[in-house]
Every structure is written in C-alpha cells, then in structure tokens.
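1. Sharing a model prediction with you, sequence too.
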Amino acid sequence: MELSIVIPVYKCSSCIEELYNKLKENLKSFESYEIIFVNDDCPENSEEIIKTLCKTEKNLKAIFLSKNFGQHHAITAGLKFSSGKYTVVMDCDLQDSPEEIINLYNEITKGYDLVVAKREIRNDSFLKKITSKFFYLVYSYFTGINFNSKTANFGIYSRKVIDGFLDMPEHGRNFGLFVNWMGFSRKELNVKHNSRFSGKTSYTWRRLLALGGTSIIAHSNKPLILSIKLGFFMAFCSILATFYFIYRYFYFSIPITGWTSLIVSIFFLFGLLFINMGVLGIYIGRIFIEVKNRPLYLIKEKVNLD
C-alpha cells in the first residue's frame, strides 16, 4: 500500500461525502491507497453515511469507537490500522484541502520523514488567529518544543514516524507534539487553507484549555520547577522583610504592628501553597491515569478492515 489517509470524524457529517469525493478525485494518480475514517462516537448521523459509502467503495475503511475518546486518540486508532508506506493525517471539515495531498507526497519522496502543511493564510477569524498564536507560544515554552501556530496535524508521514508514534503508550496524547519530539527530518510546505465547509468547530475554549493543560502536564515538568522557584522567591522575600522589620525596631524604635498586613500575607502565602499543591496533585493524577494502563480507545465496529 503506497498511501493511507487517516481522518478522525466528529460533528462533521455534512462534510463526509464531499470530502470523500474530493479525495477520490485527487488520488487517481496513486496505484494503491486507502482512506480510513475514524468515527469518534459522533452524535450526528456520520456512522450511517460512512457505512453507506463503505458498501460500494473498496478503498474506504472505517473504525467506530465505543465512545468519544478525543481527536488524538481517534488518530491513534486510525494509524494503528493504516498500512501505507506514507500516511496522511487530516481533519474532516475540508479546511485541509485534499488537493494538497499530491504536493505533500511529492515533497516527502525527496527524502524527508515528514512534511507538515503550513497554512500561510489562515481562513479563521482574527480573534482565533491571535489566541492560537498566544496558545502555541505558551505551549512551546512549557514543552520545550518549538510550535508554529500555522501548522497542525495535516501532513504526510513516513512509516517510521507512524511506528514511532504508535510506540508511545501515553494516555495524554497529542499527535503534533509527539511527532515534533521525535526529531525526524521534516519540512513545512505552504498550503491553501480553506474556510470551513459547514458547521462549526467542536473545539470549545474549555476543550482547548483542557488539551493544552493535559499536554503540558504530560510532557513537561516546568510547572513543578516554576512552583519551586516561586516558593524560594517568596521565602527569600519573607526573610528580607523579617530583617527589615527587626532593623527598624532596633535602630528607629518602630514597633512591629499591622494585623491587617499580617492576615493578608498569611492568606497570600496560603494561596501560593495551595496552588503549588494543586500543581503537584495534577501530576499525581496523571501518574494515576497512566498506571491504570487502560486502553487508549475501544473499537465498537470495523468496516472493510481485518
């Protein structure tokens, strides 16, 4: 199999047939290919649409998960069953253009391990562009991996990149982060970024923050280091303040008073203490999730797959 295309599906039932038709049209030059839809327990009628297509299209395969595990777990499921020498990962909302697949393929055959699509002109709102840039700056700082807000999951990946990703058993999954961490040779290719075909994104602010927080905690210990540094800084400030008040008392006979400032200081320090405990608790919670070693996903049904 020369090419596999893995597409997680969630809340985009109105895009599926149009996406498949465009893929079919743009993959005519490939002798062998497969398209794998991974239905992440979409609440719409995506399952019926995909099954109907699978009845007549031998190159189309489908995986139906038992519940909504999340986009990156759905990608993992699709990659597990992909067999192509190269694999394309893309979204189902048609913002990732099927016409760009041949360009990505031509580029990776020059010897790269992965070629990631770079959305030079993003068809998103101004607010989304700004917040996305800020999000990735924070993300890059905490994870220590440089992220470009103009790139996402859309790209083409060699078999060794896919196998490397599948070898990572962590539950806090992030496809782009894992792939960047591997260090394989990569190239960013400018592509056209379309407007959303229909509907709206399933990534609310709450889900984005949850994904970012999970990824940072799963891949970085910087929050712990920052909390330790903050603790030392506050302790140092407290020692300086103590010497200052003692100095004023002995040299200027200024009594040490101020119950209000004392109470405020106590509440402030306790607040910092609880924040640090909360950060530590989150890390312990992630450890608890990992040691349970539950499956990354559960498959309800497969179509056209062994």
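-> All right, it came through fine.

2. Got the phi and psi for Tyr157?
-> Taking degrees, to the nearest 10, you get phi -130, psi 140 for the backbone angles of Tyr157.

3. beta partners for it?
-> Thr87, Leu114 (DSSP bridges).

4. these two touch, right, it and Asp113?
-> Yes - counting by CB atoms under 8 Å, Tyr157 does reach Asp113; the two are 7.4 Å apart. For every residue, glycine as well, the C-beta is placed using N, CA and C.

5. Looking only at neighbour counts, state which of these two leads.
-> Tyr157 (32 against 19; other CB atoms under 10 Å).

6. List the residues that contact that one.
-> Residues near Tyr157 by CB atoms under 8 Å, 6 or more residues apart in numbering: Tyr86, Thr87, Val88, Val89, Ile108, Asp113, Leu114, Phe165, Val179.

7. So the last one lies in a helix, does it not?
-> Spelled out, that is Val179. Yes - assessed with DSSP: H, G, I helix; E, B strand; the rest coil, Val179 lies in a helix.

8. Hmm, it is touching Leu166, no?
-> No - Val179 is beyond contact range of Leu166, at 11.6 Å (criterion: CB under 8 Å).

9. Those two: which has the busier surroundings?
-> A count of neighbours by other CB under 10 Å puts Val179 above the other of Val179 and Leu166, at 23 against 14.

10. Mind pulling up the pLDDT for the residue lying closest to Ile145 once chain neighbours are set aside?
-> Closest residue in space to Ile145, ignoring its immediate chain neighbours: Asn180 at 4.9 Å, by CB to CB, 6 or more residues apart in numbering. Residue-level confidence at Asn180 comes out at 88, pLDDT.

11. check contacts around the one residue sitting closest to the centre of the chain.
-> Centroid-nearest residue in the chain: Asn174, 3.9 Å away (criterion: CA atoms, centre = their mean). Going by CB under 8 Å, 6+ apart, Asn174 touches His72, Leu211, Thr214, Ser215, Ala218, His219.

12. And for Phe232?
-> Here Phe232 is in contact with no residue (CB under 8 Å, 6+ apart).

13. where in the stretch 201-306 of the chain is pLDDT low?
-> 201-205, 207-208, 211, 256-261, 263-264 (pLDDT under 70).

14. the helices in it, which residues?
-> Taking DSSP state H, counting those that start in this stretch to define them, one finds helices in the stretch 201-306 of the chain at 205-219, 222-252, 259-292.

15. now these as JSON lines including distance to Glu18?
-> Converted to JSON lines, the helices of the stretch 201-306 of the chain look like this (distance: least, CB to CB, whole Å):
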{"stretch": "helix 205-219", "distance to Glu18": "25"}
{"stretch": "helix 222-252", "distance to Glu18": "42"}
{"stretch": "helix 259-292", "distance to Glu18": "38"}
